[in-house]
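1. let's see this in three dimensions:
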Amino acid sequence: MPREYSLEKTRNIGIIAHIDAGKTTSTESILFYTGKIHKIGEVHEGNTAMDWMEQERERGITITAAATTCFWHNHRINIIDTPGHVDFTVEVERSLRVLDGAVVVFDGKMGVEPQSETVWRQADKYSVPRMCFINKINQTGGDFYKSLDAIHKRLSPNAFAIQLPVGFEKDIIGIVDLVKMKSYTYKDHKDKALMEGEVPADMLDRAKEFRHKLMEKVVESDDALMEKYLVGNELSESEFRSAIRTATLTGNFFPVLGGDGRGLIVTTILDAVVNYLPSPLDKPSVKAIHLKTKEELQLKPNDDDKFVALAFKIATDPFVGKLAFFRVYTGTLQTGSYILNARSGNKERVGRLVRLHADSREEVKEVYSGDIAALVGPKDTFTGDTLCDADFPVVLERIKFPEPVISVAIEPKTKQDQEKMGLALQKLGEEDPTFRIRSDEETNQTLISGMGELHLEIIVDRMKREFKVEANVGRPQVAYKETIKGHAEAEGKYIRQTGGRGQYGHVLIKVEPQDDPAKGNEFINEIVGGTIPREYVPAVDKGIREAQDRGVIAGFPVINIKTTLFDGSYHEVDSSEIAFKIAGSMAFQDGVKKAQPILLEPIMKVEVISPESSLGDVIGDLNAKRGKIEEMTEKGHLKIVDALVPLAEMFGYATQIRSMSQGQASYTMEFHHYEEVPRNVAEKIIGETGKIRVGQVGK
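-> You can find the predicted model right below:
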């Protein structure tokens, strides 16, 4: 069956932003004006198409990325609406990994907010071309030009307006298109079509100035148009549009639009998506490694090539069970065919394929390169897995996710809940790579870890509603880590002699801080001359890795250590893999104890928005929480405080800040980095969970 829309006329885009910038409302308007839905839902009324989970509708926030498809000017646009809250940043991360372009939405009253910077960095990481939409400029305090200036200062100087608002705040009635040099206005933002007219006389000079800056910038990416422009020839409308597209596709130029995301003006976003954002053909080749030959391959979208896709999200659907969302990079996939999971090596039959519109599904028989779809009921597929043709075993680069920073103990309320809880946690863990489950051997408790208090609160709420599991939850715990400041050598010797064959393993290692934290823990084998046979070296590595899961100070995971195996000995008869594994574990623990072990704690980037009357209390409180004030700025009559604060001090802050400011202040928080815990705080933590004498920490 031939495809409906060519690759040139396909767009895979994400809507990304800070919480409450208006992503979901703008997406609702897009779906309305493309005929996908017949009524624009309201987030505060809990009736939007894209926020379909009960928790999303109750709280008025997006929790899970929702996929949909709409059509505009003979183009298919696959859209993923992502969450803005930092606790659900995994949804943005995995969506951007498979998308070709993005629309970054900004609150025109607030400009660039903390999560705006985070999603911008994530888009940079995956080289995603994007455009900006400054929303809510029709509201009191909304200002297109101030927001554009904030984008220049905090994100990129290469953001250029391609349209300007007509009017100010509540009097905004449309835009001036700087490419056509025409105005497009409406009487009511819910009108069906924009009215074309001349540029208002009082805006003409400003429009010419912004158009000149825009043209100067975009011709830099096209030598032929640059030459034409420099000799004084006027660019045609199609040439100007082509230059903007070429510049946008470089990933270093960002068209900027603005307006009221509740209505008609989103049709200009759709025009810009079609005109300027990339099709799958415009993106660079995707790198893959052939599993048999180890050759690096470059994959371009082509329906006639072998099938290769990346599973980027797992979801549990109450009606059809497990769903694996995937992006097809090359080839086609039909129901009834077999695919290979490159990670597990298992083959799986493709039963049902669906396209998604939030929580509803459209069954299809075939998907093509460049498509985003979902596989129903896969048995052994997880986030980041490569799915490919069985005759073409290749693996794509996996998605890297941040480590959880907060944990809580959880226990079932009744014996009946006990079995159900294990199954519920397993399914939720499959869906969310930043959600972890482990058992504490010492306390026999189940600990769940995530990106923040709200993240874990939603997990527990989903267990109750979707899996009917009632559970008691302990108080939040910080995900501390351990590392070393010094260098040390250590010996591990494991000798057991019984009646028959004994056990003998003997290793000498060096431990030192990792120069490049991005490498994490590293194992280096420097054994020469066969002092330890090669077959036992992986066992030493395994023993060291297991020892890294429980540190020597307070049992927290050990990070950023380079371990070098440089010597040892073995016994012809008694040596075994298990003996060398135990010897490696013993040596590592001894080495860490000698190398100035220290505790690390997560430090959060906190932005507090407060009225001036409460500013003193806010700053005093942040200082008392061991916070470091980084910057103080103003937005209208509000003061903004940027600070770095230990996560351990931030539990319950939402209640505290409301109390300090009579409910007028608000804050956002996201993980920034790990930092050494001060000695007095470390002693308190070790006193609660300690393993070695307090005096040894950081010595």
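
2. look up how far A311 lies from the residue lying closest to F307 once chain neighbours are set aside.
-> Nearest non-adjacent residue to F307, counting by Cβ to Cβ, 6 or more residues apart in numbering: G331, 3.4 Å away. To be clear about C-beta, it is placed using only N, CA and C from the backbone, and glycine gets the same treatment. Distance of G331 to A311, given as Cβ to Cβ, to the nearest Å: 15 Å.

3. between these two, which has more neighbouring residues?
-> Comparing G331 with A311 by neighbour count (other Cβ atoms under 10 Å), the higher total belongs to A311, at 25 against 21.

4. does that one count as helix, strand or coil?
-> strand (DSSP: H, G, I helix; E, B strand; the rest coil).

5. which residues touch it?
-> Taking Cβ atoms under 8 Å, 6 or more residues apart in numbering, we find A311 in contact with 324-326, 375, 378, 381-387.

6. repeat for L164
-> 144, 175-176, 178, 203, 206-207, 210, 258.

7. equivalent analysis for V473, please.
-> 408-410, 456, 460.

8. and if you look at L423?
-> Taking Cβ under 8 Å, 6+ apart as the test, what L423 contacts is F467.

9. helix, strand or coil for it?
-> Per three-state DSSP, L423 ends up helix.

10. likewise the one 5 residues further on?
-> Of the three states, L428 takes helix according to three-state DSSP.

11. next one: it from F467, what distance?
-> Counting by Cβ to Cβ, the gap from L428 to F467 is 8 Å.

12. neighbour count: those two, which is higher?
-> L428 (20 against 16).

13. next one: that one from A315, what distance?
-> Counting by Cβ to Cβ, the gap from L428 to A315 is 11 Å.

14. what residues sit buried inside stretch 617-628?
-> 617-619, 621-622, 625-627 (16 or more other Cβ atoms under 10 Å).

15. dump that stretch to PDB, restricted to CA.
-> Output of stretch 617-628 as PDB, limited to C-alpha atoms (Å, rounded to 0.1, in the frame of the first residue of the first chain):
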ATOM      1  CA  ASP A 617      12.300  36.600  54.100                       C
ATOM      2  CA  VAL A 618      12.900  34.500  50.900                       C
ATOM      3  CA  ILE A 619      16.600  35.300  50.800                       C
ATOM      4  CA  GLY A 620      17.100  34.800  54.500                       C
ATOM      5  CA  ASP A 621      15.400  31.400  54.300                       C
ATOM      6  CA  LEU A 622      17.500  30.300  51.300                       C
ATOM      7  CA  ASN A 623      20.700  31.300  53.100                       C
ATOM      8  CA  ALA A 624      19.500  29.200  56.100                       C
ATOM      9  CA  LYS A 625      19.000  26.300  53.800                       C
ATOM     10  CA  ARG A 626      22.800  26.400  52.800                       C
ATOM     11  CA  GLY A 627      21.800  28.100  49.600                       C
ATOM     12  CA  LYS A 628      24.100  30.200  47.400                       C
END
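
16. ok, residues contacting that stretch?
-> Stretch 617-628 is contacted by residues 606, 608, 610, 629, 641, 643-646, 649-650, 656-657, 660-661, 665, 678, 681 when judged by Cβ under 8 Å, 6+ apart.

17. kindly report the same for stretch 271-281.
-> 7-13, 72-73, 75, 77, 100-101, 103, 129-131, 162, 241, 244-245, 248-249, 255, 257, 300-301, 369-370.

18. kindly give a single PyMOL line that selects the buried subset of those residues.
-> Of those, the buried ones go into a single PyMOL selection, burial set by 16+ other Cβ under 10 Å:
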select buried, resi 7+9+10+11+12+13+72+75+77+100+101+103+129+130+131+162+241+244+245+248+249+255+257+301+369+370
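
19. which ones among the contacts of stretch 271-281 map onto helices?
-> 241, 244-245, 248-249 (DSSP state H).

20. what about G663, distance to Q656?
-> Between G663 and Q656 the computed distance is 12 Å (Cβ to Cβ).

21. in terms of packing, which of those two has more residues around it?
-> The neighbour count for G663 versus Q656, taken as other Cβ under 10 Å, is higher for Q656 (17 against 9).

22. in a helix, that one, correct?
-> Yes - the assignment for Q656 (three-state DSSP) places it in a helix.

23. quick check: the gap between it and E649.
-> For Q656 relative to E649 (Cβ to Cβ), the value is 10 Å.

24. look through the protein and tell me its longest strand.
-> strand 597-611 (DSSP state E).

25. buried residues in that one, which are they?
-> 597-610.

26. average pLDDT across the helix or strand just after that strand?
-> As assigned by DSSP states H and E, the chain's next helix or strand after strand 597-611 is helix 615-624. The average of the pLDDT scores along helix 615-624 is 93.

27. now T267, what's its secondary structure?
-> Following three-state DSSP, T267 is assigned to helix.

28. so who does it touch?
-> 33, 194.

29. which residues are in contact with the residue positioned nearest the centre of the chain?
-> Among the residues of the chain, the one closest to the centroid is E93, at 2.4 Å (Cα atoms, centre = their mean). Each residue near E93 by Cβ under 8 Å, 6+ apart is listed here: 122, 399, 401-402.

30. sorry, back to before: and the contacts of V473 as TSV, adding neighbour count, pLDDT and secondary structure?
-> What follows is those, written out as TSV (neighbours: other Cβ atoms under 10 Å; pLDDT from 0 to 100; DSSP: H, G, I helix; E, B strand; the rest coil):
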residue	neighbour count	pLDDT	secondary structure
V408	20	85	strand
A409	16	86	strand
I410	21	89	strand
L456	22	86	helix
V460	19	88	helix
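
31. from L214, how far off is C132?
-> From C132 to L214 the distance is 13 Å (Cβ to Cβ).

32. of these two, who's got more company?
-> Shown here are C132 and L214; by other Cβ under 10 Å, C132 has more neighbours (28 against 22).

33. hmm, that one is touching F106, no?
-> Yes - between C132 and F106 there is a contact under Cβ atoms under 8 Å: 6.4 Å.

34. find residues that contact each of those two.
-> I151.

35. from start to finish, how long is stretch 568-586 in a straight line?
-> From its first residue to its last, stretch 568-586 covers 13 Å (Cα to Cα, to the nearest Å).

36. okay, buried residues for that stretch please.
-> 568, 570, 575-576, 579-586.

37. repeat that for stretch 19-32.
-> Going by neighbour count (16+ other Cβ under 10 Å), the buried part of stretch 19-32 is 19-32.

38. how about that stretch as CSV, C-alpha atoms only?
-> Output of stretch 19-32 as CSV, limited to C-alpha atoms (Å, rounded to 0.1, in the frame of the first residue of the first chain):
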residue,chain,number,x,y,z
ILE,A,19,5.5,24.6,32.9
ASP,A,20,2.4,26.8,32.3
ALA,A,21,3.8,28.6,29.2
GLY,A,22,0.8,27.4,27.2
LYS,A,23,2.1,24.3,25.3
THR,A,24,-1.0,22.2,25.7
THR,A,25,-3.4,25.1,25.0
SER,A,26,-1.4,26.0,21.8
THR,A,27,-1.5,22.3,20.7
GLU,A,28,-5.3,22.2,21.3
SER,A,29,-5.7,25.2,19.0
ILE,A,30,-3.5,23.6,16.4
LEU,A,31,-5.6,20.5,16.5
PHE,A,32,-8.8,22.6,16.2
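
39. just give me the neighbour total for Y368.
-> Other residues near Y368 come to 25 when the count uses other Cβ under 10 Å.

40. you'd agree it is up against E4?
-> No - at 9.3 Å, Y368 and E4 do not qualify as touching, with contact defined as Cβ under 8 Å.

41. understood, closing this out.
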